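*Asks:* How does the following fold in three dimensions:
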Amino acid sequence: MQSDFVLSPSAPESTGRIRLRHLRCFVVVAREGQVGRAAELLHLSQPAVTKTLNELEALAGRKLLDRGRHGARLTAAGQRFLRYAQDVTTSLDAAEAALAGAGEPAPAPLRIGALPTVAGAVVPAALTGLRALRPDLGVRVRTGPNAVLLSALTAGALDVVLGRMAEPSRMVGLSFELLYAETLIFVVRPHHPLAGRAVSPGETLEHPLVVATGGTVPRHATDALFEHHGLRLPTGLVETLDLAVARGVVRRSDAVWITTERAVRDDLAEGVMRRLELPTAGTVEPVGVLRRSADASSAALEDFVTILREITVEGTWQDLSHG
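*Replies:* Numbers count the residues shown, from 1 in each chain. The predicted structure is shown next:
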């Protein structure tokens with residue numbers, strides 16, 4: 001089906017007609033944050049996707065995406081345009097399904113984005129509580145860096161993100177509700193040489209370090225902590241956001257893992273890891289729920305957020321996840 005989307009009379013005189021292929025291409029690139037990934041999903045070459053985006057921006061008379069090595073990020077104009085582009089493509093998909101006799105579409109799954117540290121800390125318990133309320137609800141969970149998740153949320157690829165606030169330019173159209181604040185801690189295997197006594201940051205540098213990847217809030221806090229003591233992180237770091245990788249390295253070696261306290265709560269409670277006696281003042285970071293401000297929340301999303309509020313009260317999630 002070939003459809004056109006006509007800009008308003010107030011658009012520049014040079015604009016012609018925006019076609020459905022322009023909208024589909026724009027929506028997928030905005031959602032994925034990468035031209036290459038969008039090209040794969042659209043079954044097109046990257047040059048073809050780039051050409052389509054260039055045509056759209058020429059028709060719109062303004063830049064909609066900042067494209068570069070960092071990926072593709074929506075401009076302020078792109079964020080405004082995305083809302084309407086999504087409405088058009090979603091409505092057309094529904095119309096085509098109706099014509100094809102597909103009947104009523106299945107209920108949409110709840111799409112959750114979460115920082116890896118947050119996903120392991122609160123999402124399992126939250127999903128357990130949600131399933132008790134809505135056993136037939138499908139759920140999709142995506143983890144990744146905060147910037148990637150916020151881009152996906154803005155683009156409509158996620159319904160909610162459990163993460164951190166970003167710079168004002170990345171928070172346009174998004175709301176943030178604080179759930180809790182957490183600090184960094186240093187953890188090791190139970191019989192580590194540093195376990196069981198007061199430790200200085202400098203002593204940890206005598207062992208392999210496992211830290212968050214560059215550009216993330218935990219990594220910034222880690223760098224600042226060492227700089228506060230006149231130290232710098234050495235070479236030979238293991239940098240990862242994958243909790244399973246970090247956990248495996250630490251449990252099999254004398255490595256020291258610098259991570260958020262809630263990410264290893266179960267490990268500490270079960271005695272498979274120990275927290276080093278090392279002050280980490282100044283590394284507190286807020287974690288909360290991020291949603292699109294203009295969107296009406298579904299009942300399922302409201303249930304999920306309500307459960308999150310309950311389980312992030314100290315001690316509550318233990319009952320929900322083990323009860």
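
*Asks:* mind checking the backbone torsions on the nearest residue to Ser253 once chain neighbours are set aside?
*Replies:* Spatial nearest neighbour of Ser253, chain neighbours left out: Pro208 (6.4 Å); criterion: Cβ to Cβ, 6 or more residues apart in numbering. The way it works is simple: take the backbone N, C-alpha and C, and place the C-beta from them, glycine included. Main-chain dihedrals, Pro208, degrees, to the nearest 10: phi -60, psi 140.

*Asks:* For burial, what's the neighbour tally of Pro208?
*Replies:* Look at Pro208: counted by other Cβ atoms under 10 Å, it has 17 neighbours.

*Asks:* Is Val289 in a helix, a strand, or coil?
*Replies:* strand (DSSP: H, G, I helix; E, B strand; the rest coil).

*Asks:* and it, what is it in contact with?
*Replies:* Counting by Cβ atoms under 8 Å, 6 or more residues apart in numbering, Val289 touches Val160, Val161, Leu162, Phe176, Glu177, Leu179, Val305, Leu308.

*Asks:* So what's the residue count around the third one?
*Replies:* In terms of burial, Leu162 registers 27 neighbours under the definition other Cβ under 10 Å.

*Asks:* Check the contact between it and Leu179; I expect there is one.
*Replies:* Yes: with contacts counted by Cβ atoms under 8 Å, Leu162 reaches Leu179, the gap being 7.5 Å.

*Asks:* what is in contact with these two at once?
*Replies:* Counting by Cβ under 8 Å, 6+ apart, the residues touching both Leu162 and Leu179 are Val122, Val287, Gly288, Val289, Leu308.

*Asks:* so what's the second one up against?
*Replies:* Pointing back at Val287 there. Counted by Cβ under 8 Å, 6+ apart, Val287 has contacts Leu115, Val118, Leu162, Gly163, Arg164, Leu178, Leu179, Tyr180, Ala181, Glu182.

*Asks:* what mean pLDDT would you report for the helix or strand harbouring Cys25?
*Replies:* Cys25 belongs to helix 20-32 when assigned by DSSP states H and E. Throughout helix 20-32, pLDDT has a mean value of 87.

*Asks:* which strands and helices sit next to the next helix or strand along the chain from it?
*Replies:* From helix 20-32 onward toward the C-terminus, using DSSP H and E, the following helix or strand is helix 35-42. Applying 3 or more Cβ pairs under 8 Å, 6 or more residues apart in numbering; DSSP states H and E, one finds that helix 35-42 makes contact with helix 20-32, helix 46-60, strand 71-74.

*Asks:* Partner strands of the last one and their direction?
*Replies:* What that stands for is strand 71-74. Paired neighbours of strand 71-74 in the sheet (DSSP bridges): strand 65-68 (antiparallel).

*Asks:* now Val211: how far from Ala296?
*Replies:* 40 Å (Cβ to Cβ, to the nearest Å).

*Asks:* Return the distance of the lengthiest helix in the chain from the chain's centre.
*Replies:* Secondary structure of the chain per DSSP state H: the longest helix is helix 76-99. Put simply, helix 76-99 sits 23 Å off its chain's centre (Cα atoms, centre = their mean, to the nearest Å).

*Asks:* Contacts for it next, please.
*Replies:* 1, 3, 5, 20, 23-24, 26-27, 30, 60, 62-65, 74, 105, 154-156, 172-173, 294.

*Asks:* one step back: possible to save the helices and strands packed on helix 35-42 as JSON lines with mean neighbour count and distance to Val272?
*Replies:* Below are the helices and strands packed on helix 35-42 laid out as JSON lines (neighbours: other Cβ atoms under 10 Å; distance: least, Cβ to Cβ, whole Å):
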{"stretch": "helix 20-32", "mean neighbour count": "22", "distance to Val272": "37"}
{"stretch": "helix 46-60", "mean neighbour count": "17", "distance to Val272": "45"}
{"stretch": "strand 71-74", "mean neighbour count": "22", "distance to Val272": "37"}
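
*Asks:* Looking at the ones you listed, which is nearest to Thr312?
*Replies:* helix 20-32 (28.3 Å; Cβ to Cβ).
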